[in-house]
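**Q** I need the structure of the sequence given here:
(4 chains)
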Number of protein chains: 2
Amino acid sequence: MLVKRDTAIHEVDQTAPIGPQVRRALRERIIRNDLKPDQKISESEIAAQYGVSRQPVREAFIRLSDEGLVTILPQRGTRVCRIGLAAVRDARFIRESIEADITRLLADGQGADHVDEFRGLIDAQRRAADTDPVEFIRADEAFHRAMADAVGKGGLWRKVQSLKSQMDRVRFLALGQFPVRKLIDQHAAIVDGIAAGDADGAEVALRHHLREVLSDLPHIVRTNPDFFDAATDGAEDQIVKLKGGETV
Amino acid sequence: MLVKRDTAIHEVDQTAPIGPQVRRALRERIIRNDLKPDQKISESEIAAQYGVSRQPVREAFIRLSDEGLVTILPQRGTRVCRIGLAAVRDARFIRESIEADITRLLADGQGADHVDEFRGLIDAQRRAADTDPVEFIRADEAFHRAMADAVGKGGLWRKVQSLKSQMDRVRFLALGQFPVRKLIDQHAAIVDGIAAGDADGAEVALRHHLREVLSDLPHIVRTNPDFFDAATDGAEDQIVKLKGGETV
DNA sequence: GCTACCATACTGCCATACAAGTAGACAAGG
DNA sequence: CCTTGTCTACTTGTATGGCAGTATGGTAGC
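**A** Alright, predicted model coming up:
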């Protein structure tokens, strides 16, 4: 039977698999804070919005639940998770550890071949710096991803993306509040270290860079208290001591 | 209506949510190589085995697909993935990066408080060394996890567990073939470095330890060729240069 | 004997219906 | 006013039916 889809708010491609489409769409809406924390979303409600049945939506919910973006309470409902401070810090810690090693690989190995590429991506960030914050985030993402690709660890990047969701939510929450200039300069410092073959220097620069968010985090939490979970921030997280001895 | 479940091979608790149960059961069977790579499994077949409907099984498949344990071919079937060499190496790389930082935290910070605990876990490994390989794996797991817990990064451990699935399959495949003595000695070396507050030494010891599997991997692949994907092993993966200059 | 075709029996995907449980409104009784 | 029981309108969980696409095995034609 032909169902009238004119009540659908959002569009889906009826020929392609629907479940993954809904999943991507919802993921995007949550990260961009279109769907806000604690907001209740039901399978039937979303199904109606997209003009599909409950089943694909349900599958999307399950996957989002694995990502920690929604919590499914059996027989009670599903709602968007608050941003877990612990999850953000864990994701940041993982990212620093991995990218530190990647940076060392680049500095010690044939990273010099990619220096021009990296500098080009940094230029793109400069162009987007003051105009479009979203574009800057994309450029930033591209830069870090390029470093992973350069050492053949691109697949790894995709695997940890689900862990990065919470970090991404923070970034979109603080859109335009980032010290873009400083971040770009830090990127440049990393590449300089790589170009010079200075593994220690490049690593310190990268760790320093990825810790920038830590200093901004308290302010962001204070500004948007009801976006974060009530986890008492007593458990200050540990930070690896930098080689230079500075504690940031 | 009471349905007769006497045709069910495996049991499930009909009161608790079924999907997660099936998921855990299948995950276990795959990792323990009860379900072998390339083996085709269908929703209806598994559903019949557990005496449930296809829907929960489908949800289990989806989650296992996210973990990279099965591949769902639309309209064609679902089969157990071969062990992806790239995935194994990626997981190992991530693990080395993270645990290297954790080790540094322990050596630089209050890791000394936990040295006795770590040594106790190593003793447990010694006891299980020659008797029960499975128990040794559990003890090994407990040791590494304890280090993460000691610096408040225990939650992180759970998050990367899905990435570790492929590594775990390798471990169960090579049950009893591991150089247990050597591994235990390496554990001891790591703890010694922590106890001495020697961050560099402890880190090198840990990286050395986690690279042990790399030397065993080719042999394991040769012995069980049809458990691994046909990815031509041409792309040798990059390894971070150790501080001491040794390349393992 | 060999090849091309086709019927059939699968597969996973989607939609729908039913079941089980919860939250909240609301009225009756203390 | 407060408590309590019930009833309704939700929620997610499970089961089932139908659909479109694919692999396979048998068969007709050469």
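
**Q** Now the residue positioned nearest the centre of chain A. Its backbone dihedrals?
**A** Against the mean C-alpha coordinate of chain A, by Cα atoms, centre = their mean, the closest residue is A:Asp168 at 3.0 Å. A:Asp168 has phi and psi values of phi -60, psi -40 when expressed as degrees, to the nearest 10.

**Q** which ones are touching the spatially closest residue to it that is not a sequence neighbour?
**A** Closest residue to A:Asp168 in three dimensions, ignoring its sequence neighbours and counting by Cβ to Cβ, 6 or more residues apart in numbering or on different chains: A:Ile31, at 5.0 Å. C-beta here means a position set from N, CA and C on the backbone, and glycine is covered the same way. A:Ile31 sits next to A:Leu69, A:Ser165, A:Asp168, A:Arg169, A:Phe172 when contact means Cβ atoms under 8 Å, 6 or more residues apart in numbering or on different chains.

**Q** try 10 Å
**A** Listed by Cβ atoms under 10 Å, 6 or more residues apart in numbering or on different chains, the contact partners of A:Ile31 are A:Leu69, A:Lys164, A:Ser165, A:Gln166, A:Met167, A:Asp168, A:Arg169, A:Val170, A:Arg171, A:Phe172, A:Leu173.

**Q** can you put those residues in a markdown table and add pLDDT and secondary structure?
**A** A markdown table is the format used below for the contacts of A:Ile31 (pLDDT from 0 to 100; DSSP: H, G, I helix; E, B strand; the rest coil):
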| residue | pLDDT | secondary structure |
| --- | --- | --- |
| A:Leu69 | 95 | coil |
| A:Lys164 | 87 | helix |
| A:Ser165 | 91 | helix |
| A:Gln166 | 91 | helix |
| A:Met167 | 91 | helix |
| A:Asp168 | 91 | helix |
| A:Arg169 | 93 | helix |
| A:Val170 | 93 | helix |
| A:Arg171 | 91 | helix |
| A:Phe172 | 91 | helix |
| A:Leu173 | 91 | helix |
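
**Q** of these, buried ones?
**A** The neighbour-count test (16 or more other Cβ atoms under 10 Å in any protein chain shown) applied to the contacts of A:Ile31 identifies A:Leu69, A:Lys164, A:Ser165, A:Gln166, A:Met167, A:Asp168, A:Arg169, A:Val170, A:Arg171, A:Leu173 as buried.

**Q** residues of the helix or strand harbouring A:Ala205 that come out buried?
**A** Assigning secondary structure by DSSP states H and E places A:Ala205 in helix A:199-210. Neighbour counts over helix A:199-210 (16+ other Cβ under 10 Å) mark A:Ala199, A:Gly201, A:Ala202, A:Glu203, A:Val204, A:Ala205, A:Leu206, A:Arg207, A:His208, A:His209, A:Leu210 as buried.

**Q** Let me know the closest of those residues to DNA strand C.
**A** Using Cβ to the nearest atom of the strand, A:Leu210 is the member of the buried residues of helix A:199-210 that sits closest to DNA strand C, with 37.0 Å.

**Q** residues touching the closest one, list them.
**A** Neighbours of A:Leu210 in contact, by Cβ under 10 Å, 6+ apart: A:Arg92, A:Phe93, A:Arg95, A:Glu96, A:Ser97, A:Glu99, A:Ala100, A:His144, A:Gln186.

**Q** For chain A, which segments count as helices?
**A** With DSSP state H as the criterion, chain A has helices at A:18-31, A:43-50, A:54-67, A:85-108, A:115-128, A:133-150, A:154-159, A:161-173, A:180-195, A:199-210, A:212-223.

**Q** interface residues of chain A facing DNA strand C?
**A** A:1, A:3, A:17-19, A:52-56, A:59, A:75-76 (Cβ under 7 Å from any atom of the strand).

**Q** Could you export these as JSON lines, including neighbour count?
**A** JSON lines is the format used below for those (neighbours: other Cβ atoms under 10 Å in any protein chain shown):
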{"residue": "A:Met1", "neighbour count": "2"}
{"residue": "A:Val3", "neighbour count": "10"}
{"residue": "A:Pro17", "neighbour count": "14"}
{"residue": "A:Ile18", "neighbour count": "20"}
{"residue": "A:Gly19", "neighbour count": "18"}
{"residue": "A:Val52", "neighbour count": "22"}
{"residue": "A:Ser53", "neighbour count": "14"}
{"residue": "A:Arg54", "neighbour count": "15"}
{"residue": "A:Gln55", "neighbour count": "15"}
{"residue": "A:Pro56", "neighbour count": "21"}
{"residue": "A:Glu59", "neighbour count": "21"}
{"residue": "A:Gln75", "neighbour count": "4"}
{"residue": "A:Arg76", "neighbour count": "9"}
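
**Q** can I get the residues you listed in JSON lines with pLDDT and distance to A:Asp192?
**A** Formatted as JSON lines, the residues of chain A next to DNA strand C follow (pLDDT from 0 to 100; distance: Cβ to Cβ, whole Å):
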{"residue": "A:Met1", "pLDDT": "36", "distance to A:Asp192": "64"}
{"residue": "A:Val3", "pLDDT": "40", "distance to A:Asp192": "59"}
{"residue": "A:Pro17", "pLDDT": "88", "distance to A:Asp192": "45"}
{"residue": "A:Ile18", "pLDDT": "92", "distance to A:Asp192": "47"}
{"residue": "A:Gly19", "pLDDT": "92", "distance to A:Asp192": "45"}
{"residue": "A:Val52", "pLDDT": "94", "distance to A:Asp192": "50"}
{"residue": "A:Ser53", "pLDDT": "94", "distance to A:Asp192": "54"}
{"residue": "A:Arg54", "pLDDT": "95", "distance to A:Asp192": "54"}
{"residue": "A:Gln55", "pLDDT": "94", "distance to A:Asp192": "53"}
{"residue": "A:Pro56", "pLDDT": "94", "distance to A:Asp192": "48"}
{"residue": "A:Glu59", "pLDDT": "94", "distance to A:Asp192": "46"}
{"residue": "A:Gln75", "pLDDT": "91", "distance to A:Asp192": "57"}
{"residue": "A:Arg76", "pLDDT": "93", "distance to A:Asp192": "54"}
